[in-house]
Structures are given as C-alpha cells and as structure tokens.
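Trainee: Everything below, folded, please.
(chains A and B)
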Amino acid sequence: MKKKLRILAGTLVILLAASVCFAKTIKIGFNISLTGDIPKVGEESKFAGEMMKNEINANGGLEVGGEKYLLEFIYEDNESKAESAVMVALKLIEKDQVLAIVGPNSSKQAIPAGQVCDDNRTPMISPWSTNPDTTRNRPWVFRAAFLDPFQGPIAADFAADQFQAKTAAVLYALSNDYSKGLAEIFRDYFEKKQGQGSVKAFESYGDKDQDFSAQLTKIIAAKPDFIFLPDNYNEVALIVKQAHDLGWKGPFMGSDAWGNSELMKLCGDDCVGQYFSTHYAAAGATGATREFIDKYEKLYGYQPADVAALTWDALQVVLTGIQNAGKLTGNIEKDRKNVRDGIAAIKEVKGITGNMRFDEQGDPIKCAVVVRINEKGEFVFTKSVCP
Amino acid sequence: MTENLIQNIFNALQWGSFYSLIALGYTLVYGVLRLINFAHGDIFMVGAYIAFFISAFLFKGGEGLSGGATLALTIPLTMILTSACGVTLERIAYRPLRRKGVNRLYVVITALMCGLILEYGNLAFLGASRKSFPELMDKVVYQVGPVSMTNLKIIVILTAVAVFLLLNAFVHRTKIGMAMRAVSYDRFAIPLMGISLDAIIVVTFTLGSSLAGLAGILYALSYPVLDPFMGAMLGWKAFIAAVVGGIGDIRGAFVGGFLLGFIEILVVAAFPSTFRDLIAFSILMTLLVIRPTGLFGLAQSTKI
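Mentor: Predicted coordinates for the structure are as follows:
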C-alpha cells in the first residue's frame, strides 16, 4: 500500500513538473530585417521583443481566459528584401503555425508581406511601416506607426516655419516604397501650399547607389531653401556628407527612417543641427517611455530608436488582442480570427509612443514629433503634432 | 549650365577613378592568365574592410595617431594584406585547378564562388551592421565660383592617374613586366625560358589585389559607409568597363573605367536616374558591337 502511494505521489510530481515544462505556449512570428540594407532596424525589433518576452515569461506567462500561456517568439530574417519578406511570412504562417506576425518594418517589405498575411487570414502588425498601402483594404493587417499622408505635411509645414522656406528639393530612393511614397506626398502637399514649381528638384537614385553627386549637383544648382530626404539612415549619412562636399550649406529635413541609433555613427558631425519627424523623442522622455529606454539601454548598451519602441507597442497591441479574444481554442484558424477581432476591438492601448486606437483601416490615430539632432548626437524634442 | 557641366565632370572623374582602379586589376589578371577573376570586386571590399580595421586600431577616434600618420601607415599595410588575400585565393582555388588543366570555364565559376564566400564570410563573421570609416583627412572644400572640389576628390583622381602610369611603366619597362607579357603570349613556352610561371602569376595577383586594396581605402574615405556587398555591383561594372576598354590592355581598363564613370554621371545629370544603367550600358553595348575586342583590344594577340 505504501509503495503504491509512493508511486502515485511520484507520478503526480512528474505530472506537475511536466505541466510546468510543457506549459501551453503562444507562438508569435517576427518578420524582420536582420541583414541587408537596414540590419539595425531588425536588431532593435528583436531586442524589444526579447525584452517583453522575458518580462512576461518571468511572471509565469500571459493570462488568457484564466490560463497562463508562455510566449514563444520566432525571429526570421527577411534580408531587407521584398521577396524574402513574402517567403518569411509564408514560412511563419504555414510551417511555424504562429498566431500572429509582428513586422516587417520597412514599407518595402511590409506591403507585399501584408498581402500574404491578409490572404492567409493571419493577423499581422507592422511596427514601423508608414506607407498607406500596407493596411489599405486589408482587414487582417494593422500597424503601430502613423501614416505618410500625416507625416509628409508635418515635415513640409515644419520646414516652412523653421527655415522660412518657400522652395524645396527632394532626393529619394526609387526602389523603396516608403521613400518614394513619402517623397510624392511631400511634393504634392508642398506645391499645394507654396505654389506650383516650389519643389525645384525631385531626384531619385537606385538600389545600392553610393554616389549621389550628379543628383546633388542638380539639386544644388536649383537653389532650394532646404532638401527633404525621406531615406534610410545609411543613405542619409552618405547624401548629407556628399552634399556638404559639393558646397551645400543649407538645411536638410528628414523623415522617421532617420531615427536610428546608427545614424550618428555613420553620419557624424555632418548631421548635427538637422531636423526630422519621428514617432518619439528619446532625449528628455518621461514616464513609461523613460522606463522602457532605461531598461533597454541597460540590457543592450545603446539608446533604442523609434523602431524598438514601436515594436514594444505593436506587441502590446497583439497581446491585448489575444486577451480580448477571451480564450484560445487550439484551432489555429479559429484563434487567428479571434485575435484579429480582438485587435480590431481595442478601445485604447497605452503605448510608449503614445496611446493607440485603430480606425477601420487598422491604422492607429496618434501624434508625431519633430526632433533636432544636437551636438551630442541626441535626438531632442522640438515640436509635437497631433491629428 | 556650364558650371553644372564642369561640376559633373569633376564628379565623373572621381567616380570613374574607382572603376578604373578596379578595372586595372581585372585586366592584369586576364592579360596574364586569361582568367576573369570575378572575385576581384570582393577583394576590393576586403581591402576597404582591412583599411577600416587598421585605421580604427591606429586612430582610436583621434586619441591614437594623428589622421595623417594613420593614413600613411594604413595605405601600405592595407595593400600588403589585401594582396595576401588575393594570393591566398590564387593558391587555394585557382592554382590547383590550373595544375589539373581544367577548362577555363570552371576557373571562372570558382572565381564567382570565391566572391560569394568573401561576401557571406564577411556577413557571417562581422555582422550585417554598417561600418563607418573614420575621417582620417581634414576635408577641405574648395569653392571656385559655383564649382566645389574637395582635396580628397583631387587625391583620388591623381592616384588613379599615377597608378595607371606606374603600372604601364612596370609592365612595359621591367623584366618582370616582360615576363608577364611573355606568359600572356605563350604560357607553355615560359618554363623553357627558365622563368617560374607560378612566381609570375603570384606577382600578377599581388599587383592586382594591392590595387583593389588601394581602391578600397580611397573608396572608404570618399563613401565612409561600408557593407559586405559593396564590391559586388562595383566589381561587375568595372569588369564591363575593362571589357569595353579591351580586356587585357592596361590603357583599355583605364580609359574604360573613366568612360563608364562619365557616362553614368552625365546620364543622371541629363535624365532621371532610372535611366542611368539603361542608357549607360546601351552605349557600352553599341561600342562593343562596333568593336567587339573593345577600344584598345586587338583580336587574338598578345595582351597586356
């Protein structure tokens, strides 16, 4: 009898241990750029994800419908390429059977990947993509960033006030949906505001270009009041330096793709004093944002840029969506549907880049800030604009 | 309009210098070995990275040596280490194949693979993050009327011209140069003359790779953002420039490089940049159709 009891007790202990070890998990996929043009963007997304996962799992997991679930994040590299982003999305959906996907970050990858997720009825949320096409008519796709039709006019208005600019020039990346879309929105708005022909030069460059001297010569000869650069940080560093080499002394205005911890490393003094519009200002942040920045800096050794903060917010949206779904049935298709409805039903999420609620397109309604790059290379808050 | 043109001519001279320096390496190896060393563009990338590590080690953000001293040490060291990389490739990849007497096609494919190994080796070991080359030179912008020049641009252009003149003299006026030309003329008669074929080939790779290393430093100074794939496209285009100039001919590589630089810059100056490669390579193709051996190439004769 005693022996039987002992065996019974032993089995119970094993079962208990097993239930802890094999606790139910929620799988979330990350479709991010760990290599290619913008590796730092993917890295910051991944770090922000790791931070949140470890925090929640240390507390026993996420509570959904009275049960605790551990989080499992799968990070896949899309090489900053549109084709690879599609492959990664398919892999995450079909092979890994993830509940939802975070990313891709750049619109160049988020637009095609969004189509895949929408077709396969899997909720996707892009932290950083600002092109309207990412979510347009795609009920399964959401984002955590504001939109270019909102950002473009802010950049145009700010430059007009700050530099008393009547004319502008634009240099953008032709093969990047983000850069091209924002450049066109900016041009249309600026010309409407300042009159036809006030955008004196509208120049583009191709993939992998490193020499922009011919385009910049044209721009400088047109004598604009400032140059608008809706480009990724690595190209910005080269463009700004080359413009200075060609004798340009005027100001630049940038967009949110400038906001990266590598910008100042690559650009140095040439970028000091320039302005760009972005999602949050790290220098001088307070409250929950400050807390997030401090935690991140302690773990990874550098100040997180907007994409890390937006990834954090995007994850909060996904997790709130899962909790709104009420329970997880184990049937992945049904669960994905519930999570999508859960995200769409969100009243408001308190994010560290601002509070978010979604319109019918799945776009958040939130504020943008304009920052100035100071002598220490910090991005300092200058102005905030809300819709 | 004329000021713009003059400015663009300077831009094109700088841009063409890089094509020229890389094309010289292609042409040298092809001239001697009849081998298109497709890894050459990636050896250029290795040169830029070697220059980055040496200068970062010596310069330490201005706390180590001064910029000028760093540069003076970085240039020879980079050229030596880059040529070591080129010679290593020759040793482990091309020489065994040559000894076995395989068809040239296999050697070309091997060269392509070596290029990919260098690119992805860099990506795997150094990570995808961009490297920022330190500013070793105090950049001075000279403003002549509306035309702007930097001291760096002038140095780049002068270096390309000097390298061409020195290389030309080396190949045509020294004994080793004569031996190189002899290898290109008849590789199998060379051992009969008491010349070591392997030694001449090593010299060729050393010269070609050290030029790629030099181009790497100058490129990193001019465009201080390095990534593992920076050599791929540039290498391809420089190869085309060498072919249009007449591959195997040193003058051809020099002229071809500048020609491509000029066409690219002037096309962008006149048309939207989308048309650049379309127009540039249509022009080059037309040139080849008219002269299939390139500007300076002679059909089936001694090259180099």
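Trainee: if I pick residue 242, what's in contact with it?
Mentor: Looking at chain A here, since you left the chain open. Residues in contact with residue A:242, defined by C-beta atoms under 8 Å, 6 or more residues apart in numbering or on different chains, are A:211-213, A:216. Quick note: C-beta positions are derived from backbone N, CA and C, even for glycine.
Trainee: try chain B instead
Mentor: By C-beta under 8 Å, 6+ apart, residue B:242 lies in contact with B:23-24, B:26-27, B:30, B:252-253, B:256-257.
Trainee: again, only using 7 Å
Mentor: Residue B:242 makes contact with B:23, B:26-27, B:252-253, B:256, according to C-beta atoms under 7 Å, 6 or more residues apart in numbering or on different chains.
Trainee: and the contacts of residue A:242, which two are the farthest apart?
Mentor: A:211 and A:216 (9.5 Å; C-beta to C-beta).
Trainee: Tell me which of the two has more neighbours.
Mentor: Neighbour comparison, residue A:211 and residue A:216: the larger count goes to residue A:216, with 27 against 23 (by other C-beta atoms under 10 Å in any protein chain shown).
Trainee: For the more buried one, what is the enclosing helix or strand?
Mentor: helix A:213-221 (DSSP states H and E).
Trainee: Quick one: mean pLDDT over that helix.
Mentor: In this model, helix A:213-221 has a mean pLDDT of 93.
Trainee: so how far is the helix-or-strand element of chain B with minimal mean pLDDT off the chain centroid?
Mentor: Using mean pLDDT, DSSP states H and E, strand B:141-144 stands out as the lowest-scoring helix or strand of chain B, at a mean of 86. Here the centre of mass of C-alpha atoms in strand B:141-144, compared against the chain's by C-alpha atoms, centre = their mean, to the nearest Å, lies 28 Å away.
Trainee: Alpha carbons of it, in PDB - could you do that?
Mentor: Provided in PDB are the C-alpha atoms of strand B:141-144 (Å, rounded to 0.1, in the frame of the first residue of the first chain):
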ATOM      1  CA  VAL B 141      36.100  72.100 -49.700                       C
ATOM      2  CA  TYR B 142      37.500  74.400 -52.400                       C
ATOM      3  CA  GLN B 143      34.900  76.600 -54.000                       C
ATOM      4  CA  VAL B 144      35.800  78.000 -57.400                       C
END
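Trainee: pLDDT below threshold where in chain B?
Mentor: B:61-62, B:299-304 (pLDDT under 70).
Trainee: For it, what lies in contact range of chain A?
Mentor: B:4, B:7-8, B:11, B:15, B:123, B:128-130, B:132, B:141, B:143, B:148, B:150, B:223, B:225, B:233, B:265, B:268-269, B:272-274, B:276 (C-beta under 7 Å from any C-beta of the partner chain).
Trainee: now do 6 Å
Mentor: B:4, B:7-8, B:11, B:15, B:128-130, B:132, B:143, B:148, B:150, B:223, B:225, B:233, B:265, B:268-269, B:273 (C-beta under 6 Å from any C-beta of the partner chain).
Trainee: Of these, select the buried ones using a PyMOL command.
Mentor: The following PyMOL line selects those of the residues of chain B next to chain A that are buried, judged by 16 or more other C-beta atoms under 10 Å in any protein chain shown:
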select buried, chain B and resi 4+7+8+11+15+128+130+132+148+150+223+225+233+265+268+269+273
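Trainee: Can you tell me which of the residues of chain B next to chain A end up in strands?
Mentor: The strands, defined by DSSP state E, take in B:132, B:143, B:148, B:150, B:225 from those.
Trainee: nearest to residue A:153, of those residues?
Mentor: Ranked by distance to residue A:153 (C-beta to C-beta), those are led by residue B:225 at 30.4 Å.
Trainee: quick one: the closest one and residue A:268 touch, right?
Mentor: No. Counting by C-beta atoms under 6 Å, residue A:268 is not a contact partner of residue B:225; they are 11.0 Å apart.
Trainee: Need the distance between the two termini of stretch A:60-73.
Mentor: Start and end residues of stretch A:60-73 are separated by 16 Å (C-alpha to C-alpha, to the nearest Å).
Trainee: And for that stretch, what's in contact with it?
Mentor: Stretch A:60-73 is contacted from outside by A:23-28, A:49, A:53, A:56-57, A:319, A:322-323, A:326-328, using C-beta atoms under 6 Å, 6 or more residues apart in numbering or on different chains.
Trainee: from these, which would you call buried?
Mentor: A:26-28, A:49, A:53, A:56-57, A:319, A:322-323, A:328.
Trainee: Show me the two of the residues you listed that sit farthest apart.
Mentor: Top of the distance list for these (C-beta to C-beta): A:49 and A:328, 20.0 Å.
Trainee: closest point of the stretch 1-150 of chain A to chain B, which residue?
Mentor: residue A:39 (3.4 Å; C-beta to the nearest C-beta).
Trainee: for that residue, what are its contacts?
Mentor: Contacts of residue A:39 by C-beta under 6 Å, 6+ apart are B:128-129.
Trainee: again, only this time at 7 Å
Mentor: A:33, B:128-129.
Trainee: Over to residue B:73?
Mentor: residue B:58.
Trainee: hmm, 10 Å instead?
Mentor: When contacts are counted by C-beta atoms under 10 Å, 6 or more residues apart in numbering or on different chains, residue B:73 touches B:54-55, B:57-59, B:65.
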